[in-house]
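Asks: pasting the sequence and the predicted model now:
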Amino acid sequence: NAGVTQTPKFQVLKTGQSMTLQCAQDMNHNSMYWYRQDPGMGLRLIYYSASEGTTDKGEVPNGYNVSRLNKREFSLRLESAAPSQTSVYFCATHRGPGYEQYFGPGTRLTVT
Amino acid sequence: GIQVEQSPPDLILQEGANSTLRCNFSDSVNNLQWFHQNPWGQLINLFYIPSGTKQNGRLSATTVATERYSLLYISSSQTTDSGVYFCAGGATSGTYKYIFGTGTRLKVLA
């Protein structure tokens, strides 16, 4: 039972490159989230998926796209990376509102 | 939208000391949760506490939703308590959009 897993753990990109961050959960949770954490700040919501087949924007969606591939997997794509997207990205899951969220270990992304 | 303020922003304690961390919300909050981010960056659930009081070992938390705040108590602190403590909540009970505070950075000295 791995909980919430994220790949890769670290990534360095050049400006303009694209990449996809992967998140998978084996907790049978309905809802999945992508957050970013910048130095000295709390987490900010990028996108979320309330249930399989749905996605919605969070607080800071610009420059990102998401795919809820199935109930287990939720990916985050950067089409054209910018230095402002240098951050630590966390995936989270929960059953739904009223239940606690569980976080993955994070992906540290640097864009040069 | 909801604003979340955590205090103090930084805290240094000697091992064995007690502390209280506070989370204030600008409006009524639902689904309040406390997290500990350890020095390796992992986010660990501490409490899901929309209201009332809960205790887990040396940690306890109290949320007074009508007064828009929550408190996290750490007793007999240990060096492993070091890290950043975050609170998060949503504007409505059915929301998926959680707002995080900027955290309290705690360092416990041996």
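Replies: It's in. Only a predicted model underlies this, so the values are computations on that prediction, with no experimental measurement involved.

Asks: what about A:Y48, is that helix, strand or coil?
Replies: strand (DSSP: H, G, I helix; E, B strand; the rest coil).

Asks: and it, how many neighbours?
Replies: 23 (other CB atoms under 10 Å in any protein chain shown). C-beta here means a position set from N, CA and C on the backbone, and glycine is covered the same way.

Asks: how far away is it from A:H29?
Replies: Going from A:Y48 to A:H29 by CB to CB, to the nearest Å gives 12 Å.

Asks: need the nearest residue in space to whichever residue of chain B sits closest to chain A, chain neighbours excluded.
Replies: In chain B, the residue that lies nearest chain A is B:F100 (3.4 Å; CB to the nearest CB). Spatially, and ignoring its direct neighbours in sequence, B:F100 is nearest to A:G42 (3.4 Å; CB to CB, 6 or more residues apart in numbering or on different chains).

Asks: then A:M32?
Replies: Closest residue in space to A:M32, ignoring its immediate chain neighbours: A:F74 at 3.9 Å, by CB to CB, 6+ apart.

Asks: thought that neighbour was touching A:S67?
Replies: Yes. Between A:F74 and A:S67 there is a contact at 7.4 Å, judged by CB atoms under 8 Å.

Asks: residues near the residue of chain A at minimum distance from chain B, how many?
Replies: For chain A, the residue closest to chain B is A:G42, as judged by CB to the nearest CB, at 3.4 Å. Using other CB under 10 Å, A:G42 is surrounded by 20 other residues.

Asks: need phi/psi at it.
Replies: phi -80, psi -170 (degrees, to the nearest 10).

Asks: thought B:Y98 was touching it, still the case?
Replies: No. In this structure, A:G42 is not within contact of B:Y98 by CB under 8 Å, at 10.1 Å.

Asks: and stretch A:9-17, end to end?
Replies: With CA to CA, to the nearest Å as the measure, stretch A:9-17 spans 18 Å from end to end.

Asks: what about that stretch, near chain B?
Replies: No. Stretch A:9-17 lies apart from chain B when judged by CB under 8 Å from any CB of the partner chain; the minimum separation is 10.1 Å.

Asks: average pLDDT across that stretch?
Replies: Taken as a whole, stretch A:9-17 carries a mean pLDDT of 97.

Asks: quick one: buried residues of it?
Replies: Residues of stretch A:9-17 classed as buried by neighbour count (16 or more other CB atoms under 10 Å in any protein chain shown): A:11, A:13.

Asks: who's the residue nearest the centre of chain A bridged to?
Replies: A centroid search over chain A (CA atoms, centre = their mean) returns A:W34, at 2.9 Å, as the residue closest to the centre. Bridge pairing for A:W34 (DSSP bridges) gives the partners A:Y47, A:C91.
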